[in-house]
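# attaching a predicted model along with its sequence, questions to come.
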Amino acid sequence: GPPPLLSRLGSRTQLELALCAICLVTALLLLGSMIALGVQYNPSHSTCLTEACITVASKILEALDRETNPCENFYQYSCGGWIKRNPLPDGRSKWSTFNSIWDQNQAIMKHLLENASFNSSSEAERKTQRYYLSCLKEQKIGELGSQPLMDLIEKIGGWNITGPWNQSNFMEVLKMVSGTYRAAPFFTVYVGADSKSSNSNVIQVDQSGLFLPSRDYYLNRTANEKVLAAYLDYMVELGMLLGGEKVSTQEQMEQVLEFETLLANITVPQDERRDDEKIYHKMSIAELQALAPAIDWLDYMAYALAPLELSEAEPVVVFGREYLQQVSELINSTDRSILNNYMIWNLVQKTASSLDQRFETAQEKLLETLYGTKKSCTPRWQTCISNTDDTLGFALGSLFVKATFDRDSKEIAEEMISEIRTAFEESLDQLDWMDRTTRQAAKEKADAIYDMIGFPDFILDNKELDDVYDGYEVSEDSFFQNMLNFYNFSAKVMADQLRKPPNRDQWSMTPQTVNAYYLPTKNGIVFPAGILQAPFYARNHPKALNFGGIGVVMGHELTHAFDDQGREYDKEGNLRPWWQNSSLEAFKNRTECMMEQYSKYMVNGEHVNGKQTLGENIADNGGLKTAYNAYKAWLQKNGEEKHLPAVGLTNNQLFFVGFAQKRTK
């Protein structure tokens, strides 16, 4: 769709305006001469000539590569022009429609927070502005230097890398690093909906503790030599910025990296963790204690979830049973100073990004080796908007929604979802491999899917919004402290959830996010305001484009309810077997087939992991098929749409080209 008016006007050069004027004069002369010659100027009735249609047609034409035969390389045909016109921007490892809309959203939020006449009656919104401004104050951050983090390390008992280390009590350090400041060495503990009893929250424990994005980096040493060297440099650099001496910092960081490699060895790879039935283990804290005795679990939980009263009988759901057993053995067989160095390192790398430029530069070097990105190309304000989104995202969302969200979008989206749902349920009838009982249960599950559109209602109610962030202290002068306060605050919020039922209004994406998700324990789909805009959706675009855009996104999320993970949950969001064996066998045969298909695809010379990406691949295929069927059903009911000018595609073809262009990566 057209970019915002501001950027449309702002980006017109004098030359372009002159050319526009010439084009207009020529067109008028041409039209005049046609009339003089008695030629009737009669645009075909089946062409849409509204401003929106003309604008979107030109966008589509720009993105195409019409030299390519669509039957040979559909991606190149649909997106070749876009790729040519959009070289990867500096500092980005990828660029797509999603990124460019997020950039636009960020610019809107920058404008709202920096507005000189900013005055809000909501304390949460005022906190959001204070937080954002504290992040922008680079001079203030520079003056403080490493001090805030050095003080924090001292408070926890010191760090052998940077000075005297007087805190040999393993549990005390673990409780502070992990409980108070929410770093996650060895394991992660959180409170969330119980998969097998989705109306109640439960403590959950899982594997964690690796800094690099995947265990493979640690284990395939030769293939990842460069990354491991850059990571070690980063560790040493940070150690020295915090007062460490070069040689001893190098030695100790090598030991920490070695320890992380041992952790990587016992970490279960993601593609083996897709079967929730298999990895879900409910036990009491006492049983967890017997499983992993190196940690005093009751002491840890009582501290992390204070002021709740917990006993050894408290249930916990463990998703990494073998891992916790092995990590406990690893802790018991490792030198205490290495364990301490590793725990403090977890805290350091979590908090260092809130310190001065030297820490940023060190991180940039690592990110460049990892992803090829130069972060210094990202303006500070964008980094600060992202940080604010992570911290006070719903208060920021309140400002964003009030400024941008068209209230009618909610109703139109509801209607589209119901069209997509109907098409999905009808396609279930075409599945010859699914038995009647399972099909009936699947239809009931599809019917029960709860949709949340735009934003959770509480953000527009000042009192409710303020209550959500009540107790979070934010000052305009200390970015580092604001961040520490946030970790403390989120730990309290988490503890507070334990004795309450899961809340439908508790979204895990903020309203400005350009994305959507399916949540199995709520059997709900969520479409934030951030994605309900052009090019995914615009009220005045042809339906072919809306179905190929937001319609496919809706179909994708709906299909997640029936992918290899989502299908394990029933219509109430509980993890329990509801498939007849024959249909389950047939489903598994078909997913095997899809795993093999995707494992043959290559990206940048590497094979896709068809097992790990199975859920997304099922959702992509199911979503496209469902949205196309829904569009065909819409046409049957409403008749053929007008065509876009000059594009030369039927509306069915336009659906697929529109879909392909939304996915330009």
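Sure thing, it's come through. Residues are numbered from 1 along each chain as shown.

# for the rest of this, base every contact and every neighbour count on C-alpha atoms.
Noted.

# contacting residues for residue 348?
Going by CA atoms under 8 Å, 6 or more residues apart in numbering, residue 348 touches residue 149.

# name the SS class of it, please.
helix (DSSP: H, G, I helix; E, B strand; the rest coil).

# gap between it and residue 104?
Separation of residue 348 from residue 104 (CA to CA, to the nearest Å): 32 Å.

# would you confirm that residue 562 belongs to a helix?
No: Residue 562 is assigned coil when assessed by three-state DSSP, not a helix.

# who are the contact partners of it?
residue 568.

# quick one: contacts of stretch 107-124?
126, 129, 132, 381, 385, 392, 395-396, 399-400, 462-463, 465-466, 469-470.

# so residue 52: helix, strand or coil?
helix.

# from here on, count from 57
All right, first residue 57 from here; so that's residue 108.

# what count of nearby residues applies to it?
Residue 108 has 17 neighbours, counted by other CA atoms under 10 Å.

# wait, it touches residue 596, no?
Yes: with contact defined as CA atoms under 8 Å, residue 108 reaches residue 596; the gap is 6.3 Å.

# and for these two, which residues touch both?
By CA under 8 Å, 6+ apart, no residue touches both residue 108 and residue 596.

# re the thing from before, most neighbours, which of the contacts of stretch 163-180?
residue 451 (30 neighbours).

# output the contacting helices and strands for the helix or strand it falls within.
Using DSSP states H and E, residue 451 falls within helix 436-460. Packing partners of helix 436-460 (3 or more CA pairs under 8 Å, 6 or more residues apart in numbering; DSSP states H and E): helix 153-170, helix 179-192.

# where do the helices sit along the stretch 207-356 of the chain?
Ranges of helices in the stretch 207-356 of the chain, per DSSP state H, counting those that start in this stretch, are 226-230, 272-275, 281-297, 302-322, 332-335, 341-347, 353-360.

# what is the rounded mean pLDDT of stretch 700-711?
The average of the pLDDT scores along stretch 700-711 is 96.

# what is the burial count for the closest residue to residue 615 other than its chain neighbours?
Leaving aside its sequence neighbours, residue 615 sits nearest to residue 675 (CA to CA, 6 or more residues apart in numbering; 5.0 Å). Other residues within reach of residue 675, judged by other CA under 10 Å, total 24.

# ok, back up a step: tabulate the helices and strands packed on helix 436-460 (JSON lines), appending mean pLDDT and distance to residue 480.
Output for those, formatted as JSON lines (pLDDT from 0 to 100; distance: least, CA to CA, whole Å):
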{"stretch": "helix 153-170", "mean pLDDT": "96", "distance to residue 480": "25"}
{"stretch": "helix 179-192", "mean pLDDT": "98", "distance to residue 480": "40"}
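
# with residue 665 as the reference, name the closest of these.
Among these, the nearest to residue 665 by CA to CA is helix 153-170 (23.1 Å).

# on that earlier part again, any chance of the helices of the stretch 207-356 of the chain in TSV, with distance to residue 499, mean neighbour count and mean pLDDT too?
Output for those, formatted as TSV (distance: least, CA to CA, whole Å; neighbours: other CA atoms under 10 Å; pLDDT from 0 to 100):
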stretch	distance to residue 499	mean neighbour count	mean pLDDT
helix 226-230	47	18	96
helix 272-275	40	18	97
helix 281-297	48	19	98
helix 302-322	40	18	98
helix 332-335	22	15	97
helix 341-347	39	18	98
helix 353-360	41	19	98
